[in-house]
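>>> The following comprises the amino acid sequence and a computationally predicted model.
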Amino acid sequence: MEITKTEIFSPKLSRDYTIAVVSDLHNRPYDAVLSQLEAICPDYILIPGDLTDNLDHDESLSRCKYALSFLAKAASIAKAYYSVGNHERRISPECKEFIKSTGAILIDDETAKDGEITLGGLSTGLFESRYGPTPPPNLKYLEAFAKEDGFKLLLCHHPEYYPDYVRATDVDLTVSGHAHGGQWRFFGRGVYAPGQGLFPKYTSGLHENRLYVSRGLANTCHPIPRLFNQTELAIIYLKKKKDA
């Protein structure tokens, strides 16, 4: 696991914040991640989808309780926010109740305010097939979120939504995952990502100072293993813009 560190400056901020992005854990062991979070002690832990392997029926709650237990531990370290990826689509009421009990905040096409930070969760549009073009998200929610005050921080599992829907809005920063770093990486570029196809643009790192794509924390994408592509815990330092 690589710990990456990125700085983003904004005139909308009155102080600095430390954000940890935990993406695409996919029900894998998280002790190493938790140890790093405890050491870093961020202000926010953001989980932009695919923490689990489906949450759409009652049986999934018992099957995914291991991954969901991460939420309680994360929430004991910092304010933890969790948005809906393609593996959490059609999240069941029982799973929502369990998530609420952990102390983490699920933002499923919903908004949460914390002082000057306004957090939104733009949920996946994938409800049937996980393959092929990604269906649009809830654009009415995105439009409403973009009109909010404060520094607007959007959790959005799909980075492919950024150029089509998010870039034109007044959202300050979007954090995503889903692409798994392109699965295989050669010369710093990913080979394939769902919803983007071959040699995708948005697989890792900061783009346009407004989109951060985490390579995620799952070791494999069955049946294709990661190659030259370390898993990632992303740390973003949001900083107030210094006077010129």
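Right, received. Where do you want to start?
>>> contacting residues around the closest residue to residue 232 other than its chain neighbours?
Leaving aside its sequence neighbours, residue 232 sits nearest to residue 215 (CB to CB, 6 or more residues apart in numbering; 4.1 Å). (C-beta placed from N, C-alpha, C; glycine too.) Applying CB atoms under 8 Å, 6 or more residues apart in numbering, we find residue 215 in contact with 2, 179-181, 203-204, 229-232.
>>> What of residue 70?
Residue 70 sits next to 22, 25, 30, 33-34, 51 when contact means CB under 8 Å, 6+ apart.
>>> Top of those residues by number of neighbours, please.
residue 51 (31 neighbours; other CB atoms under 10 Å).
>>> Please tell me I have it right and that residue contacts residue 82.
Yes - Residue 51 is within contact range of residue 82, at 6.6 Å (criterion: CB atoms under 8 Å).
>>> Touching both of these two, which residues are there?
Residues touching both residue 51 and residue 82 (CB under 8 Å, 6+ apart) are residue 71.
>>> nearest to residue 44, of the contacts of residue 70?
The nearest member of the contacts of residue 70 to residue 44, counting by CB to CB, is residue 22 at 10.6 Å.
>>> which residue packs closest to that closest one, ignoring adjacent ones?
Using CB to CB, 6+ apart, the closest residue to residue 22 is residue 47 (5.0 Å).
>>> partner residues bridging that neighbour?
Beta bridges link residue 47 to residue 82 when assigned by DSSP bridges.
>>> Can you give me the neighbour number for residue 226?
19.
>>> what's it in contact with, if anything?
By CB under 8 Å, 6+ apart, the neighbours of residue 226 are 180-181, 183-184, 219-220.
>>> Report the separation between it and residue 201.
For residue 226, the distance to residue 201 equals 19 Å [CB to CB, to the nearest Å].
>>> Any stretches of the protein with poor pLDDT?
57-59, 129-132, 220-223, 242-244 (pLDDT under 70).
>>> need the helices for it, in chain order.
31-40, 58-63, 65-75, 93-102, 139-146, 161 (DSSP state H).
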